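# Predicted model, plus sequence, below.
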Amino acid sequence: MVVQQQAAGTVVNSLAHIRILVTGGAGFIGSELTRQLVDQGADITVVDNLVNGRRENLGEIISDRCKLVVCDVRDEARMAELMQSIDLVFHLACLGVRHSIHSPGENHAVNATATLNLLISASKRGVSRFIYVSSSEVYGTAHQVPMNEEHPTFPMTVYGASKLAGECYTRAYFTTYGLPTAIVRPFNTFGPRCHHEGDSGEVIPRFLLSAMIDKPMIIFGDGTQTRDFTYVSDTARGILAMALTDEVIGETVNLGNGRETTINDVAHNVRSVLNKPQASIIYEQARPGDVLRHFADTTKAQHVLRYAPAVSFSQGLLNLKSWYDQSAHDPQTLYRDIVTRNWEAS
């Protein structure tokens, strides 16, 4: 085991000196998780091809104890080689929802096939735990709320389907081969280093950057669709806790804020944070494959991981605004990387 368990379900001490692989660790959530692992004293190998991740997301934490390997997770030989010196895996590397609409084959290859190949390597290596970071997109639109882990999975995009395939491979490696695996399903996450650009661009950073420079916030559909938004440090803390609790082995756990927010409300909250009550909002045709309702039941995470979000939605928006204010890149420059219809092939 990675740590000595004191009692069932108890989150214990640290991952000090444990050799950890974080795929996608230069990305948005991955870089925050890596920072928290550094604080734990782990020895970390980050793998990222820097398509969506950025070297600057890791910045000052790169050291002898936290190394970045620029590599595609589809490189089976290289990943198998890296796995030989690893005790524990956090697998976050993926391509996103909008990417899957214009490039479904590549999306599946990264999200599903590469996950299977990593599981094969991890099993051969005999790693102590493989934590697969899935997505609430596997659920599709809510049939009932709040959505617990037993909610039907009916993904609406190839992204959601490929993440669900990754989950199935992960479960199979637990049940058939005895690999200690765990699956975590984060709901929508936001905060510093979140994606506004290209086909990775998400609603909150797009709204903030647009309104900061007096551009309209564009809502696709009528804005009544809902999400459960969680601040990135809370999401990463929940993912990290999956490595410290034996009770999650073979299990699936939701991570969310436990609050349902409409996209219209997001826009109004951005107006409030920026003190721009007249900031423009315009509506366009709904996006293909858009989930209409998400609202997480986090009871399992609360009981098993002792997980509770620490940052409110409003505070998270303020934090992100402050981060943009202090960024080396001004909002006007960042805004240029926003692609309005980011599900269409470039």
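Cool, got the structure. Numbers count the residues shown, from 1 in each chain.
# any low-confidence regions in this protein?
Residue ranges of the chain with pLDDT under 70: 1-13.
# residue ranges for the strands of it, please.
Under the criterion DSSP state E, the chain contains strands at 19-23, 43-48, 66-70, 88-91, 129-133, 181-186, 189-190, 217-220, 226-227, 230-231, 252-255, 261-262, 281-284.
# in its sheet, what does the last one sit against?
The one in question is strand 281-284. Taking DSSP bridges as the criterion, strand 281-284 forms sheet pairs with strand 217-220 (parallel).
# could the strands of the chain be laid out in TSV, adding mean neighbour count?
Bear in mind the C-beta positions are built from the backbone N, C-alpha and C, glycine included. Formatted as TSV, those follow (neighbours: other Cβ atoms under 10 Å):
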stretch	mean neighbour count
strand 19-23	25
strand 43-48	25
strand 66-70	17
strand 88-91	26
strand 129-133	25
strand 181-186	25
strand 189-190	25
strand 217-220	20
strand 226-227	24
strand 230-231	26
strand 252-255	25
strand 261-262	16
strand 281-284	13
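# so which of those gets nearest Leu292?
strand 226-227 (7.6 Å; Cβ to Cβ).
# So for stretch 56-73, what gets flagged as buried?
For stretch 56-73, burial by neighbour count (16 or more other Cβ atoms under 10 Å) applies to 57-58, 61-62, 66, 68-69, 71-73.
# just those residues now: which is nearest Lys215?
Asn57 (25.0 Å).
# so what's that closest one closest to, chain neighbours aside?
In space, and not counting its chain neighbours, Asn57 is closest to Ser31: 3.8 Å by Cβ to Cβ, 6 or more residues apart in numbering.
# Any chance of the buried residues of stretch 56-73 in a markdown table with distance to Pro277 as columns?
Shown next, in a markdown table, are these (distance: Cβ to Cβ, whole Å):
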| residue | distance to Pro277 |
| --- | --- |
| Asn57 | 33 |
| Leu58 | 38 |
| Ile61 | 39 |
| Ile62 | 42 |
| Cys66 | 43 |
| Leu68 | 43 |
| Val69 | 47 |
| Cys71 | 47 |
| Asp72 | 46 |
| Val73 | 45 |
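# Report the two of those separated the most.
Longest span within the buried residues of stretch 56-73, Cβ to Cβ: Ile61 and Asp72, 22.2 Å.
# show me where the stretch 51-200 of the chain has helices.
With DSSP state H, counting those that start in this stretch, the ranges of helices along the stretch 51-200 of the chain come out as 55-58, 76-83, 97-102, 104-108, 114-125, 158-175.
# Adding distance to Trp323, write those helices out as CSV.
Shown next, in CSV, are those (distance: least, Cβ to Cβ, whole Å):
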stretch, distance to Trp323
helix 55-58, 12
helix 76-83, 31
helix 97-102, 23
helix 104-108, 29
helix 114-125, 31
helix 158-175, 26
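# Comparing those, which comes out most buried?
helix 97-102 (a mean of 23; mean count of other Cβ atoms under 10 Å).
# Can I get that helix in PDB, CA atoms only?
The C-alpha trace of helix 97-102 is given here as PDB (Å, rounded to 0.1, in the frame of the first residue of the first chain):
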ATOM      1  CA  VAL A  97     -16.000  17.900 -24.900                       C
ATOM      2  CA  ARG A  98     -15.900  20.400 -27.800                       C
ATOM      3  CA  HIS A  99     -12.800  18.700 -29.300                       C
ATOM      4  CA  SER A 100     -14.800  15.400 -29.500                       C
ATOM      5  CA  ILE A 101     -17.400  17.000 -31.700                       C
ATOM      6  CA  HIS A 102     -15.000  17.900 -34.400                       C
END
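# what does that helix rub up against?
106-108, 137, 157-160, 162, 199-201, 287-289, 342-346 (Cβ atoms under 8 Å, 6 or more residues apart in numbering).
# cool, and stretch 107-126?
Contacts with stretch 107-126, where a contact means Cβ under 8 Å, 6+ apart, come from 23, 73-74, 76, 79-80, 83-84, 86, 89, 91, 93-95, 99-100, 130, 132, 158-159, 161-163, 165-166, 169-170, 173, 177, 179, 181.
# if you set the cut-off to 6 Å instead, what comes out?
The contact list for stretch 107-126 (Cβ atoms under 6 Å, 6 or more residues apart in numbering) reads 73-74, 76, 79-80, 83, 89, 91, 94-95, 99-100, 130, 158-159, 162-163, 165-166, 169, 173, 177, 179.
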